[in-house]
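**Q** Sharing a model prediction with you, sequence too.
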Amino acid sequence: TDGVKQSWDRGGAVFCNPPYGREIGKWVKKAYGESSGGYPIVLLIPARTDTTYFHKYIYGKAEIRFIRGRLHFTDENGRSMNPAPFPSLVVI
């Protein structure tokens, strides 16, 4: 199911950790549009402050919380994987 094509209005806050590829700008744009529905939209995304989507939909329009250090993910068995190769941020 394509989350960008669906309504995110489920009567409450939405958390989204979108795919980090070239399509991430579509997800950020979607979050910006859905945020007018009155519920918080929370994104966990790479801290790429030089991108068009960051300046068009985030900077000056949302709360930004930078995450210190690099995120560490775990696999389905709880084993720690390599850290993310980039810094991350949370956008509300």
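**A** Cool, got the structure. Residues are numbered from 1 along each chain as shown.

**Q** hey, which helix is longest across this structure?
**A** Counting residues, the longest helix found in the chain (DSSP state H) is helix 24-34.

**Q** where's that one relative to the chain centroid, distance-wise?
**A** Remark: helix 24-34 is offset 9 Å from the chain centroid, using CA atoms, centre = their mean, to the nearest Å.

**Q** buried sites along it?
**A** For helix 24-34, a neighbour-count test (16 or more other CB atoms under 10 Å) marks 24-28, 30-32, 34 as buried. Every residue, glycine included, has its C-beta placed from N, CA and C.

**Q** Stretch 73-85 now?
**A** Across stretch 73-85, burial judged by 16+ other CB under 10 Å covers no residue at all.

**Q** if you go through the chain in chain order, where are the strands?
**A** With strands called from DSSP state E, the chain shows them at 14-16, 41-46, 64-66, 72-74, 80-83, 88-91.

**Q** what's the spacing between Trp46 and Gly78?
**A** Not Trp; residue 46 is Pro. Relative to Gly78, Pro46 is positioned 24 Å away (CB to CB, to the nearest Å).

**Q** that older thread, using JSON lines, lay out the strands of the chain together with distance to Lys56 and mean pLDDT.
**A** As requested, the strands of the chain are exported to JSON lines (distance: least, CB to CB, whole Å; pLDDT from 0 to 100):
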{"stretch": "strand 14-16", "distance to Lys56": "17", "mean pLDDT": "95"}
{"stretch": "strand 41-46", "distance to Lys56": "14", "mean pLDDT": "97"}
{"stretch": "strand 64-66", "distance to Lys56": "14", "mean pLDDT": "98"}
{"stretch": "strand 72-74", "distance to Lys56": "28", "mean pLDDT": "88"}
{"stretch": "strand 80-83", "distance to Lys56": "29", "mean pLDDT": "88"}
{"stretch": "strand 88-91", "distance to Lys56": "13", "mean pLDDT": "98"}
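
**Q** okay, the ones you listed in CSV with distance to Trp8 next?
**A** CSV is the format used below for the strands of the chain (distance: least, CB to CB, whole Å):
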stretch, distance to Trp8
strand 14-16, 5
strand 41-46, 7
strand 64-66, 20
strand 72-74, 24
strand 80-83, 28
strand 88-91, 14
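
**Q** Thanks a lot, see you next time.
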